[in-house]
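In: Sharing a model prediction with you, sequence too.
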Amino acid sequence: MAISDLPAINASLNCFSAIFISLGWWFIRRGHWRRHIACMITALVASSFFLAGYLTYHAYAGEKSSGYHGLIAWFYFPLLISHILLAFVTLPLVILTLIPVFRRRWDRHRRIARWTMPIWLYVSVTGVLVYLILYQWFPPGTVALGQ
């Protein structure tokens, strides 16, 4: 495995996390709390591996998001900005959501999870979209400038 493989691995981890966040929400809405726990632990582990891979990749490769112009820029940059801003919020929210779990304060866990889940899910899904735009669909070197 090379550093250049990390973006695809990270996107896969984000996708995996999004699937298990969704499943965890689905299970808890139906009262299957053990399945909910398993899904949320899986999503947390996937997101943790993603964060480690993301930090490693960007420590070695730097940033690749510049170079877009025209229509793609109008779509990509708002997506990227919302993704980055909410990603900064996600880690503290996840931690704040987990603390009541360890104290068995289900009311507090539920109250903060109502905010954490949609933000975490949005960040995971948009992370996959950012990867697809940046590395698969429209790599910056292949997009015609000024269009």
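Out: Noted; the coordinates are in hand.

In: In the protein, where's the longest helix?
Out: Looking across the chain with DSSP state H, the single longest helix is helix 70-102.

In: what's the spatially most central residue of the chain in contact with, if anything?
Out: The residue lying closest to the centre of the chain (Cα atoms, centre = their mean) is S124, at 2.5 Å. Each residue near S124 by Cβ atoms under 8 Å, 6 or more residues apart in numbering is listed here: 14-15, 17-18, 21, 47. Heads up, the C-betas are built off the backbone N, CA and C, glycines and all.

In: Contact partners for T56?
Out: Taking Cβ under 8 Å, 6+ apart, one finds 3, 6 in contact with T56.

In: mind checking the SS state of it?
Out: helix (DSSP: H, G, I helix; E, B strand; the rest coil).

In: Can you flag which of the contacts of S124 belong to helices?
Out: 14-15, 17-18, 21, 47.

In: wait, which of those is closest to G67?
Out: The nearest member of those to G67, counting by Cβ to Cβ, is N14 at 22.4 Å.

In: Count the neighbours of that closest one for me.
Out: 24 (other Cβ atoms under 10 Å).

In: Then the one 4 residues further on?
Out: The number of residues packed around A18, counting by other Cβ under 10 Å, is 22.

In: Excluding chain neighbours, give the residue nearest to it in space.
Out: Nearest in space to A18, with sequence neighbours left out and distances taken as Cβ to Cβ, 6 or more residues apart in numbering, is S124 at 3.8 Å.

In: Report the separation between the one you found and W115.
Out: 15 Å (Cβ to Cβ, to the nearest Å).
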